[in-house]
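**Student:** here you go, sequence then predicted model.
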Amino acid sequence: WRRQWVSGAREIAQANRVDRLAGSLVGLHYHLLQTDFWYVVAGRARVVLHDLRVGSPTEGVTETFDLGGDGAARHRGVYIPPGVAHGFAALTDLTITYLVDGYYDPADELGVAWNDPDVDADWGLVEPILSDRDQSNPRRVDLESEMIPRFPAVS
C-alpha cells in the first residue's frame, strides 16, 4: 500500500488480519466513514463489491473478482471507499490483511444481505458458512435513509 496510489487517501490508522476456513463468507459490510484496503496474504478469496452510494457514477453496480492464489491476482490488493459494500468468500483457507483509515467504530459497522437479489453476487460457494451478523443484514431496499451513503459532490 502506498497512499500516493489513491488521490485524496487518508493515512492508515490500523492494520488488521483475518483468517477464514474454505467455504466461509464474510459480508456484505460497508462503512459511511472508513476506507479499507485488502490484500490476501495466503489462499484465494472471491471479492464482491457493490456501490451503495447515491449519485455515484457506479451506483448500484456489483463487481466480483478473485484475489490471491496463483497468477495475476496473487499480488493485487483492493481499495474500498466508504459507501461501497464489500465481502469475500474463502475459496480456500485464507489470510487477509486489511488496512483501514479509521479506528474501529461499532456505529460505522453496517451491512447488506449477502444474498440480496438486487446485489446479485456470484460468491462461488454452494453452502457458505456465515456468521450470525451476516445472516441478519437487511436487503439494500430496506436500509434506513440515514444509513444510505451519498457520493461526495465534485468541487
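**Tutor:** It's in. Residues are numbered from 1 along each chain as shown.

**Student:** gap between Leu33 and Leu49?
**Tutor:** 18 Å (CB to CB, to the nearest Å). Where you see a C-beta, it was placed from the backbone N, CA and C, and this is true even at glycine.

**Student:** and Trp5, its phi and psi?
**Tutor:** Here is the backbone geometry of Trp5 (degrees, to the nearest 10): phi -70, psi -30.

**Student:** what about it, how many neighbours?
**Tutor:** 10 (other CB atoms under 10 Å).

**Student:** please list all residues in contact with it.
**Tutor:** Tyr79 (CB atoms under 8 Å, 6 or more residues apart in numbering).

**Student:** per-residue pLDDT, it?
**Tutor:** On pLDDT, Trp5 comes in at 81.

**Student:** so how far is Tyr79 from it?
**Tutor:** If you go by CB to CB, the gap between Trp5 and Tyr79 works out to 8 Å.

**Student:** what's the answer for Pro149, then?
**Tutor:** Noted for Pro149: a distance of 16 Å to Tyr79, by CB to CB.

**Student:** what segments of this structure are helices?
**Tutor:** Residue ranges of the helices in the chain, as given by DSSP state H, are 132-135.

**Student:** strands of that one, start to end?
**Tutor:** Ranges of strands within the chain are 14-20, 25-30, 36-42, 44-51, 62-68, 77-80, 84-90, 94-100, 110-111, based on DSSP state E.

**Student:** let me know which of those is the nearest to Ala121.
**Tutor:** strand 44-51 (4.3 Å; CB to CB).
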